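Chemist: next input, structure requested:
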Amino acid sequence: MMTPELTILTLNAMAVAFIHTAIGPDHYVPFIVMSKARGWSLARTTWITLACGIGHVASSVVLGLAGYAVGASLRHLEWIESFRGEFAAWALIIFGAVYAAWGLWKIKRKGPDGHIHDHLIRLHSHDHIHDPKSGAEISLTPWILFAIFVFGPCEPLIPLFIYPAATSGWAGAWLVSMAFAVVTISSMLALVLVGRYGLNWLPTARVARYNHVLAGSTIALTGCMIQFLGL
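Modeler: Residues are numbered from 1 along each chain as shown. Next up, the predicted model:
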């Protein structure tokens, strides 16, 4: 039964989800810059963002479920989420820095005309692996982002999950969690697509060869903002 208290909790969860996503650049900046640098299509950008968003929210829901089931205190669960937040922020910093370094290395290996020549070096982009059966290339970048977002916490979700679970039962907890998840993922997707579309209007042709460097540097900077500024 949808009680007035549960209605308020659900609306509050939706508002918190939107604010949490909007003020957290890690929720959308990595996808915007990687989509531009990697030349992802609209469909590919959408699916990668959705997958990472679902993993991001689901990991905190699972933690909340496990914590509530074993009777863990809210303080302990928030400590775990804080640790996961530190891990995710540093993972963004390291991934961004390594990707930027790879972009610089790739530029240095190019010839004067901006192309990589077989007679200079047989360069293999080290951002993918090959399927052992088909030999098809499998890009590592989306999987790295997915792993980072699975480990990255949705800190506001834990108390929003625990309280209705204690007062309204599992049905209330699931309702609040689903409302939070839908708004979080929808906001991520909207911000990513708007940001990606906006990049198309910027005069980026002159710096196109630095796309990977700029993308990696931006992701590393985003991680620094999360880690050191608490965004």
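
Chemist: now for the helix or strand where Gly103 lies, which elements pack on it?
Modeler: Counting by DSSP states H and E, the element that carries Gly103 is helix 74-108. In terms of contacts (3 or more CB pairs under 8 Å, 6 or more residues apart in numbering; DSSP states H and E), helix 74-108 is packed against helix 29-38, helix 42-70, helix 141-151, helix 157-199, helix 211-229. To be clear about C-beta, it is placed using only N, CA and C from the backbone, and glycine gets the same treatment.

Chemist: who are the contact partners of the residue found closest to Ile226 once you drop the neighbours it is linked to in the chain?
Modeler: Excluding its sequence neighbours, the residue lying closest to Ile226 (CB to CB, 6 or more residues apart in numbering) is Ala89, at 4.3 Å. Neighbour list for Ala89: Asp26, Gly223, Cys224, Ile226, Gln227 [criterion: CB atoms under 8 Å, 6 or more residues apart in numbering].

Chemist: if you set the cut-off to 6 Å instead, what comes out?
Modeler: Contact analysis of Ala89 by CB atoms under 6 Å, 6 or more residues apart in numbering lists Gly223, Ile226, Gln227.

Chemist: ok, so of these, who is nearest Val57?
Modeler: Checking the contacts of Ala89 against Val57 with CB to CB, the nearest one is Ile226 at 17.1 Å.

Chemist: how close does the closest one get to Ser59?
Modeler: In this view, Ile226 and Ser59 are 16 Å apart by CB to CB, to the nearest Å.

Chemist: same check on Leu193?
Modeler: Taking CB to CB, one finds Leu193 at 23 Å from Ser59.

Chemist: ok, now Leu221?
Modeler: Applying CB to CB, the value for Leu221 to Ser59 is 24 Å.

Chemist: same question for Ile107.
Modeler: Ile107 is 36 Å from Ser59, by CB to CB.

Chemist: neighbour-wise, which of these two wins?
Modeler: With neighbours defined as other CB atoms under 10 Å, Ile107 and Ser59 compare such that Ser59 has more, 19 against 13.
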